[in-house]
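In: This is a predicted model, with the sequence first.
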Amino acid sequence: MQISWEKSKRRLAVLWFTGAGLIFLVLFIQSITGRYGEDVSEAWAWFLPTIMPTLSLIIGVLVLDATGNGEKLQTVDRFFFRLSFSLSLIYLVAVSLTILLKPFSPSSAIELMKQSNLWLGPFQGLVSGSLGAFFFKGKKE
């Protein structure tokens with residue numbers, strides 16, 4: 001079943017920018033309040049590659065559409081949208097939990113972030129793959 005390309009893109013963009021913005025805000029507040037001590041740059045070095053590639057992909061697609069250089073698609077397969085949205089939501093929750101569950105972990109915040117790359121790295125690959133399929137599998141009408 002096909003669904004609106006424009007609405008789907010907007011929903012994914014809102015999810016990613018809202019989720020990334022909230023995580024950014026938490027990390028920003030924690031950085032200012034000294035949560036990471038002298039390791040604040042390591043916390044940001046973990047966060048930025050965790051979020052920025054996907055945000056860059058979404059921005060790129062939105063800019064191509066806005067400048068008229070993108071392919072004019074009308075619909076996209078609902079499955080690809082739901083898969084992309086669900087994986088994105090779960091991924092953003094996993095990134096958030098890495099930061100928010102620190103008080104329940106015996107590891108330092110930075111060690112927990114480094115350890116989280118074991119599950120977030122492969123998960124990010126799945127999210128990127130599903131978003132790629134979503135963004136490039138639309139249909140012209």
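Out: Good, I have the coordinates. Keep in mind the model is a prediction, meaning the values are calculated, not measured.

In: okay, and the helix or strand of this protein with the least pLDDT?
Out: Taking mean pLDDT, DSSP states H and E as the measure, the chain has strand 75-77 as its least confident helix or strand, at a mean of 85.

In: So which elements touch it?
Out: Here strand 75-77 is seen to pack against strand 2-4, helix 5-32 when contacts are counted using 3 or more C-beta pairs under 8 Å, 6 or more residues apart in numbering; DSSP states H and E. (Glycine included, C-beta is placed from N, CA and C.)

In: The nearest residue to residue 27 once chain neighbours are set aside: what's it in contact with?
Out: Spatial nearest neighbour of residue 27, excluding adjacent residues (C-beta to C-beta, 6 or more residues apart in numbering): residue 47 at 5.6 Å. Shown in contact with residue 47 (C-beta atoms under 8 Å, 6 or more residues apart in numbering): 23-24, 27, 95, 113.

In: Among the residues you listed, give me the pair with the biggest separation.
Out: The span of the contacts of residue 47, defined through C-beta to C-beta, is set by 24 and 113 at 14.6 Å.

In: Looking at the two, which has the bigger crowd around it?
Out: Neighbour totals were compared for residue 24 and residue 113, and residue 113 leads with 23 against 15 (other C-beta atoms under 10 Å).

In: Quick check: which ranges of this protein have low pLDDT?
Out: Residue ranges of the chain with pLDDT under 70: 69-73, 137-141.

In: and with 90 instead?
Out: Low-confidence segments of the chain (pLDDT under 90): 1-6, 60-80, 102-103, 105, 132-141.

In: ranges for the helices of it?
Out: Along the chain, counting by DSSP state H, helices occupy 5-32, 40-67, 78-100, 109-136.

In: Quick check: buried residues in the third one?
Out: Neighbour-count burial for helix 78-100, with 16 or more other C-beta atoms under 10 Å as criterion, is recorded at 80-81, 83-85, 87-88, 91-92, 95, 98-99.

In: Thank you, goodbye.
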